[in-house]
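S.K.: attaching a predicted model along with its sequence, questions to come.
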Amino acid sequence: MGSLQLTSIRKSFGTHEVLKGIDLDVKDGEFVIFVGPSGCGKSTLLRVIAGLEDATAGSVRIDGAEVVNTPPAKRGIAMVFQTYALYPHLTVKDNMGLGLKQAGEAKAVIEERVAKASTMLSLDEYLGRRPAELSGGQRQRVAIGRAIVREPKLFLFDEPLSNLDAALRVHMRLEIAALHRRLKATMIYVTHDQVEAMTLADKIVVLNAGAIEQIGSPMELYNRPANLFVAGFLGSPQMNFIEAGRMGETGATTMGIRPEHIGLSREAGTWKGRVEHVEHLGADTIVYIQTEQAGLVTVRLFGEHPYSADDIVFATPDATSMHRFDADGRAIGL
């Protein structure tokens, strides 16, 4: 219950092709996140799965059944949007149970499911309130609860945390992760936030310009990016990219090294340079260095370090953590 197979999914708006042949297999119970820059097609793909957009071509199968011509209400899915889409005149309890009521479910079934979801999401004390009396995080929990009571085959999340402040996003990430563990349900989640993708997903699908660049676990994509796009998209600060010729490397066009894989010293090292800027973040120190051999390099150091602009320093990359890319941007030796 809850598997999803996409085969050769294409979607065009007029002459503009938004999805360019998407193939994806999601297993029952997986938490899969679509991530990519704005305009890459991730929300459109989610809407095709939901039936809110018609695919121009291709197949959508849920639990083995073709649903391309099945209306959204019959697909066994529940969707949580960026906007909470709650009815302001209804209480929390009535908002959560409305979909079941409209579907003709018995009152006792509605009561039972709303009570179960409410307890799961710590909403019991708010059931009699209306949306205007709730915080943003509480409203989002109500929207998630409305999805839970439907007991769907697939949960679809379209950037559900983007309207929340930073601290609340962290809290809601923890709640959604815990919810997935309790429900053991299949979840498809769209975000532009790589931190959400890295911390929540069993499997990440990196999209770019309507096509899939790479699929894998968070650590697979972080440690073994398939190409320059994935290497540069995942990771903050971004991976350093250096012309291979500047480093005397042969057989590669571009070399890549993550900021945390570079050591820093005032005495000696591989690349000599001048500090351009330092970000003192407490837990980390980010140092930007203009080097003679590798150009501008970003170094991430654990903890606080007393570097300042204009300091002369030496950066040493960990050779075992170096990534190599060919002229087409593909990883060499992946």
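M.R.: Great, that's in hand.

S.K.: what about the residue nearest to residue 58 when sequence neighbours are not counted, neighbour count?
M.R.: Excluding its sequence neighbours, the residue lying closest to residue 58 (Cβ to Cβ, 6 or more residues apart in numbering) is residue 9, at 3.7 Å. To be clear about C-beta, it is placed using only N, CA and C from the backbone, and glycine gets the same treatment. A count of neighbours around residue 9, defined by other Cβ atoms under 10 Å, yields 24.

S.K.: buried sites along the helix or strand where residue 9 lies?
M.R.: Residue 9 is part of strand 4-13, with elements assigned from DSSP states H and E. Buried residues in strand 4-13, defined by neighbour count with 16 or more other Cβ atoms under 10 Å: 4-6, 9-11.

S.K.: reformat those residues as TSV; add pLDDT.
M.R.: Shown next, in TSV, are the buried residues of strand 4-13 (pLDDT from 0 to 100):
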residue	pLDDT
4	96
5	97
6	97
9	97
10	97
11	97
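
S.K.: turn those into TSV, including distance to residue 208.
M.R.: Formatted as TSV, those follow (distance: Cβ to Cβ, whole Å):
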residue	distance to residue 208
4	21
5	22
6	17
9	15
10	16
11	15
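
S.K.: which one of those is nearest to residue 40?
M.R.: Proximity of the buried residues of strand 4-13 to residue 40 (Cβ to Cβ) peaks at residue 11, which lies at 12.6 Å.

S.K.: now the residue located most distally from the centre of the chain: how far from residue 292?
M.R.: Relative to the average C-alpha location in the chain, and by Cα atoms, centre = their mean, no residue lies farther out than residue 267, which sits at 40.5 Å. Between residue 267 and residue 292 the distance is 16 Å, computed by Cβ to Cβ, to the nearest Å.

S.K.: one more: residue 244?
M.R.: Residue 244 is 17 Å from residue 292, by Cβ to Cβ.

S.K.: neighbour count winner among the two?
M.R.: The residue with more neighbours, out of residue 244 and residue 292, is residue 244; 19 against 10, by other Cβ under 10 Å.

S.K.: report the contact partners of that one.
M.R.: Neighbour list for residue 244: 250, 252-255, 324 [criterion: Cβ atoms under 8 Å, 6 or more residues apart in numbering].
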